[in-house]
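> my questions are about this predicted structure, shown below with the sequence.
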Amino acid sequence: MQHRVIFHIDFDYFYAQCEELRNPELKTKPVIVCVFSDRGGDSGAVATANYQARKYGVKSGMPIKFAKRKMEELSDVVFLPTDFDYYSEISESAMSIIRTYADIFEYVGRDEAYLDVTKRTEEDFTRASHLAQQLKNALRQSIKLSSTIGVSSNKLVSKIATDFKKPDGLTVVEPDKIESFLDPLPIKVIPGIGKKSEEKFHELSLETILDLKKLDVFTLNGLFGRKTGTYIYNAARGIDESPVSPRGDPIQYSRIITLKQDTKDFESLSKDLEQICEDIQNAIVKDNLVFKSVGIQFVQEDLSNRTKSRMLKNPTSSLDELKKTALQLLKESLVDQRLLIRRLGVKVSDFSEVSGQADITNFF
Ligand code: DGT
Ligand code: CA
Ligand code: CA
């Protein structure tokens, strides 16, 4: 029988784990990483929390004020602001290890990726299970990062398998076990099923995936529209043919060049910078993506690195906006630049697709 072998990997309590990595004393304490809004004080939302803090009901997306109230009694709780540049660094080192374990690697986000390992495991799930364990060990040994992996014959079931047991989990669902794995799970484990559609199903007295399979595809299409209805129909049966695709890999959307001559002259650097922006933007448009973050990188004459990045207000694929932001970052960096610059790079990140299945949540 022919089937694929697909890993989904997701790093545990990612931002909070990164904070623990650079400050191991945090490990024994509840840690809550927050996006403070520019209104000041405690306004803003929780980005994530470590499992110590989750025990008290703290969740991603919750207002910071709520989280503080839940933790009132505790003296050792730590609230921290996000540091995206640092999380990206950890993510990049992890991804560069993960990539080497895949026949095909698909970057999903800072803490998530799919791997097609069909060839290297020769379609054998025992081998796949060992390979997944090796990958988890490698991440733990080289960056002390704890992760969770789901393994199955497609992306959808592997993602559900990852969520099945966290943190530090490894769940393998062999092709002939997909049905018995999915049937008892609540409908909301299907990616893209949000609160609203969960309520819809609840009204119909449908709670589990087994219940959901009572609806035929026409009923589902009537409830959700053809695209989403068909998606849910197939998902309930563990069917997903979508390929692991290398698009979105950040390596494709960053460029670094060695300058003809070490310099810190704006005019000279800006010409190279614009050229790099054009190359990157071409790749992005070709892959039908928009980005939300722009960064520049200097390798200085002593080979040390300097980076600076900025979040945009809205996702875009505009060359003008990319150039404008990169040039602005260049200008700002040069103000206190002491060493000459030897290599110059640009990197864009925080992608989403212009359209497609990644947007499934928007239909609900
Ligand atoms: P996990 O995977 O359940 O152990 O925990 P996380 O924190 O890794 O959760 P995940 O994989 O859903 O999200 C990865 C990172 O994305 C997380 O560390 C922080 C960020 N994030 C997730 N949800 C939210 C949210 O609602 N708001 C904000 N600002 N950031 C979020
Ligand atoms: Ca995660
Ligand atoms: Ca994730």
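Happy to help now that I have it. Ligands and ions are numbered 1, 2, ... in the order given.

> what's the neighbour count on N305?
N305 has 10 neighbours, counted by other Cβ atoms under 10 Å. Quick note: C-beta positions are derived from backbone N, CA and C, even for glycine.

> give me the nearest residue to it, chain neighbours excluded.
V299 (5.9 Å; Cβ to Cβ, 6 or more residues apart in numbering).

> which parts of the stretch 1-150 of the chain sit against ligand 1?
10-15, 35, 45, 47-48, 60-61, 111 (Cβ under 6 Å from any ligand atom).

> compare those and tell me which is most surrounded.
Neighbour-wise, these (other Cβ under 10 Å) top out at Y15, 27 neighbours.

> in this structure that residue contacts V33, no?
Yes. With contact defined as Cβ atoms under 8 Å, Y15 reaches V33; the gap is 4.3 Å.

> so what touches whichever strand or helix holds Q133?
Applying DSSP states H and E as the criterion places Q133 in helix 125-143. For helix 125-143, the surrounding residues in contact (Cβ atoms under 8 Å, 6 or more residues apart in numbering) are 5, 7, 9, 21, 90, 93-94, 97-98, 101, 117, 120-121, 145-147, 149, 151, 168, 170, 172, 174.

> gap between the very next helix or strand once past it and the chain center?
Next in sequence after helix 125-143, counting helices and strands by DSSP H and E, comes strand 147-152. Computed by Cα atoms, centre = their mean, to the nearest Å, the chain-centroid distance of strand 147-152 equals 14 Å.

> hmm, strand 147-152 touching ligand 2?
No. Strand 147-152 stays clear of ligand 2 (Cβ under 5 Å from the ion), getting no nearer than 7.5 Å.

> parallel or antiparallel, which strands does that strand pair with?
The strands beside strand 147-152 in its sheet (DSSP bridges) come out as strand 6-11 (antiparallel), strand 170-172 (parallel).

> pull the CA atoms of it into CSV?
Below are the C-alpha coordinates for strand 147-152, written out as CSV (Å, rounded to 0.1, in the frame of the first residue of the first chain):
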residue,chain,number,x,y,z
SER,A,147,8.6,20.3,21.1
THR,A,148,5.7,18.1,20.2
ILE,A,149,5.3,16.0,17.0
GLY,A,150,2.3,14.4,15.3
VAL,A,151,2.9,11.7,12.7
SER,A,152,0.4,10.3,10.2
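
> start the count at 50, not 1, going forward
Right, with 50 as the first residue, what we last looked at is strand 196-201.

> hmm, it touching ligand 3?
No. Using Cβ under 5 Å from the ion, we find that strand 196-201 stays clear of ligand 3, coming within 9.5 Å at best.

> need the contact partners of that strand.
Taking Cβ under 8 Å, 6+ apart as the rule, strand 196-201 contacts 54-61, 143, 174, 177-178, 181, 184-185, 188-189, 206-224, 227, 287.

> in the stretch 100-249 of the chain, which spans are strands?
Per DSSP state E, counting those that start in this stretch, the stretch 100-249 of the chain carries strands over the ranges 127-130, 153-158, 161-165, 196-201, 219-221.

> where does the stretch 250-399 of the chain have low pLDDT?
297 (pLDDT under 70).

> where's the residue in it that ligand 1 sits nearest to relative to ligand 2, distance?
At 11.0 Å from ligand 1, D399 is the closest residue in the stretch 250-399 of the chain, using Cβ to the nearest ligand atom. D399 sits 16 Å away from ligand 2, going by Cβ to the ion, to the nearest Å.

> and for F347?
From F347 to ligand 2 the distance is 31 Å (Cβ to the ion).

> I'd like the distance between the residue nearest to T220 when sequence neighbours are not counted and L180.
Using Cβ to Cβ, 6+ apart and skipping the chain neighbours, the partner closest in space to T220 is A210 (4.1 Å). Using Cβ to Cβ, to the nearest Å, we find A210 at a distance of 15 Å from L180.

> can you give me the helices in the stretch 200-349 of the chain?
Along the stretch 200-349 of the chain, counting by DSSP state H, counting those that start in this stretch, helices occupy 204-213, 227-231, 244-252, 258-261, 266-273, 275-285, 315-335.

> deepest in the core, which of those is it.
helix 204-213 (a mean of 23; mean count of other Cβ atoms under 10 Å).

> give me the contact list for that helix.
55-59, 163, 197-201, 218, 220-222, 227, 230-231, 234, 238-240, 284, 287-289, 291, 293.

> now, of the residues you listed, which are buried?
Using 16 or more other Cβ atoms under 10 Å as the burial test, the contacts of helix 204-213 include 55-59, 163, 197-201, 218, 220-222, 227, 230-231, 234, 238-240, 284, 287, 289, 293 as buried.

> what residues does the chain put near ligand 2?
So far as Cβ under 5 Å from the ion goes, the chain lies against ligand 2 at D59, F60, F63, D160.

> give me the below-cutoff pLDDT ranges for the stretch 100-249 of the chain.
The low-confidence ranges in the stretch 100-249 of the chain, as defined by pLDDT under 70, are absent entirely.

> what helix or strand is R355 on?
Secondary structure assignment for R355, by DSSP H and E: strand 354-365.
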